[in-house]
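K.L.:
One predicted model, sequence on top.
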Amino acid sequence: MDDHCSSCAVYQSCCNVCRSLKAVLSVWLEAYPEDFREPPEYSALTSLLQFALCNACDYDLAQKARDLMLAYRDSDSSEHISSGLGLC
C-alpha cells in the first residue's frame with residue numbers, strides 16, 4: 001500500500017470514529033441530560049459544545065448542548081433565587 005492510500009485509510013478511520021463519537025454523545029445528551037448538569041460552570045456541556053464546534057463541526061450537537069446549558073442555567077438560577085428568599 002502506498003503512502004497516499006495509507007493516509008486515506010487513516011483519514012477514513014478517524015472520520016468513522018468521529019461520526020460514532022458524535023452519535024453516542026448525541027444519544028447520551030438526549031437520553032440522560034441530567035448527567036450533564038454540573039452547575040455553576042457546566043463543564044461537561046462546555047466541553048461538549050467546544051468538541052462539537054471545533055473538532056466535529058456538528059452544529060446540531062452544539063445547538064443541543066447550548067440549549068441544555070441555557071435551560072439549566074435559567075432553572076438553576078431560578079432555584080437559587082427561590083431558595084435565597086426562603087420560599088418552599
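P.N.:
Here it is on my side, so go on.

K.L.:
what about the longest helix in the protein?
P.N.:
helix 3-31 (DSSP state H).

K.L.:
Just after it, pick out the following helix or strand.
P.N.:
As assigned by DSSP states H and E, the chain's next helix or strand after helix 3-31 is helix 43-50.

K.L.:
Quick one: residues in contact with stretch 57-67.
P.N.:
Applying C-beta atoms under 8 Å, 6 or more residues apart in numbering, the contact partners of stretch 57-67 are 22, 25, 26, 29, 30, 36, 45, 48, 49, 52, 53. (Glycine included, C-beta is placed from N, CA and C.)

K.L.:
If we go by neighbour counts, what in it is buried?
P.N.:
Neighbour-count burial for stretch 57-67, with 16 or more other C-beta atoms under 10 Å as criterion, is recorded at 58, 61, 62, 64, 65, 66.

K.L.:
Could you export those residues as JSON lines, including secondary structure and pLDDT?
P.N.:
Below are the buried residues of stretch 57-67 laid out as JSON lines (DSSP: H, G, I helix; E, B strand; the rest coil; pLDDT from 0 to 100):
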{"residue": "58", "secondary structure": "coil", "pLDDT": "89"}
{"residue": "61", "secondary structure": "helix", "pLDDT": "94"}
{"residue": "62", "secondary structure": "helix", "pLDDT": "95"}
{"residue": "64", "secondary structure": "helix", "pLDDT": "95"}
{"residue": "65", "secondary structure": "helix", "pLDDT": "96"}
{"residue": "66", "secondary structure": "helix", "pLDDT": "96"}
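
K.L.:
among those, which two are most distant?
P.N.:
Spatial extent of the buried residues of stretch 57-67 (C-beta to C-beta) is set by the pair 58 and 66 at 12.0 Å.
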